[in-house]
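Peer 1: have a look; sequence and predicted model below, questions after that.
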Amino acid sequence: MTEHIDIDGEILKDAPRVSMSRRRIIQGLAAGSVVPILSSCATNPATGRNQLLLFGESQIAQMASTAWTDMKAQTPQTADSRLTGRVNRIWGRIADASGRGNEQWDVAVFDTDDVNAFVMPGNKVGVYRGIAEFTDNDDQLSSVLGHEVGHVVGRHAAERMSVSTLAQVGLVAGQIAIAQSDELRQYGGQIAALGGAALQFGVILPYSRNHELEADRLGVDYMHTAGYDVKESVRLWEKMDANSKGQRPPEFMSTHPDPTRRANDLRNYINARGYALI
Ligand SMILES: [Zn+2]
């Protein structure tokens, strides 16, 4: 039932209402009517990275809210109060460490075996019983939750949607919008230089790989601030890797490939930041 759910806002692709909204946005972009609301490129205060953001957080939160409601209606939530207590306690510490602990969060613990977790725009967090059971300790679960809040702080859903929207726009009617907008013009050359396939594989995919790396690093920062053992993040990935040859590899891996590489990246980052020596 939850097979179509991926982390990192992949769920957006499956939500019919979102694609309609996106189509409308594309039409608006082409007609120039959406252009004035563009804030195009913004610097993320947490990462210092410049991001193309065509949508505000509240806009994409609205788009995702139906998908979240459906998800909660279709997937049973656990009645195990010890499990929800554990997830909420770790989540609270990690959210505080990320600086977003004072916000309203909707954390659901789904009662399925899926070894997965995800965040959706609008501060929705989904954690499956499967991944909670897969982790050896709270430190490992904090690494999963740290990664997820890293996607939120990194504004990855909005960025990803903006880039893919622009990719679609850029191929056809977008040239009009590009010509009309100072903000878009700076991306015009880039878009025109790349074909559809190049955009899909050359821009969008590495983009999400970068997002995963950024979320990993932010997650480790939050683990460290919250007082969790950052070394457990590396152990978690090694465990995922060891389990990937089994009959049912952890779903987390389908959206998070290369566990070995990620464990290495994490190890290097942890050593470089001086959080620990591993
Ligand atoms: Zn991720």
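Peer 2: That came in fine, so what should we check first? Numbers count the residues shown, from 1 in each chain.
Peer 1: next, the buried residues of stretch 92-100.
Peer 2: Using 16 or more other Cβ atoms under 10 Å as the test for burial, stretch 92-100 gives 93, 94, 95, 97, 98, 100. (Glycine included, C-beta is placed from N, CA and C.)
Peer 1: the residues you listed into a markdown table, with extra columns for pLDDT and distance to the ion?
Peer 2: Formatted as a markdown table, the buried residues of stretch 92-100 follow (pLDDT from 0 to 100; distance: Cβ to the ion, whole Å):
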| residue | pLDDT | distance to the ion |
| --- | --- | --- |
| 93 | 98 | 20 |
| 94 | 98 | 14 |
| 95 | 98 | 16 |
| 97 | 98 | 18 |
| 98 | 97 | 15 |
| 100 | 96 | 17 |
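Peer 1: lowest-confidence helix or strand of the protein?
Peer 2: The helix or strand of the chain with the poorest confidence is helix 11-14; it has a mean of 32 (mean pLDDT, DSSP states H and E).
Peer 1: among the buried residues of stretch 92-100, name the ones in helices.
Peer 2: 93, 94, 95, 97 (DSSP state H).
Peer 1: got the contact list for the third one?
Peer 2: Taking Cβ atoms under 8 Å, 6 or more residues apart in numbering as the contact definition, residue 95 lies against 101, 103, 105, 149.
Peer 1: surely the third one is in contact with residue 125?
Peer 2: In other words, residue 105. Yes. Between residue 105 and residue 125 there is a contact under Cβ atoms under 8 Å: 6.1 Å.
Peer 1: between these two, which is the more surrounded one?
Peer 2: Applying other Cβ atoms under 10 Å to residue 105 and residue 125 shows that residue 125 carries more neighbours, namely 21 against 18.
Peer 1: ok, stretch 127-140 near the ion or not?
Peer 2: No. Figure legend: stretch 127-140 not in contact with the ion (Cβ under 5 Å from the ion); closest approach 12.4 Å.
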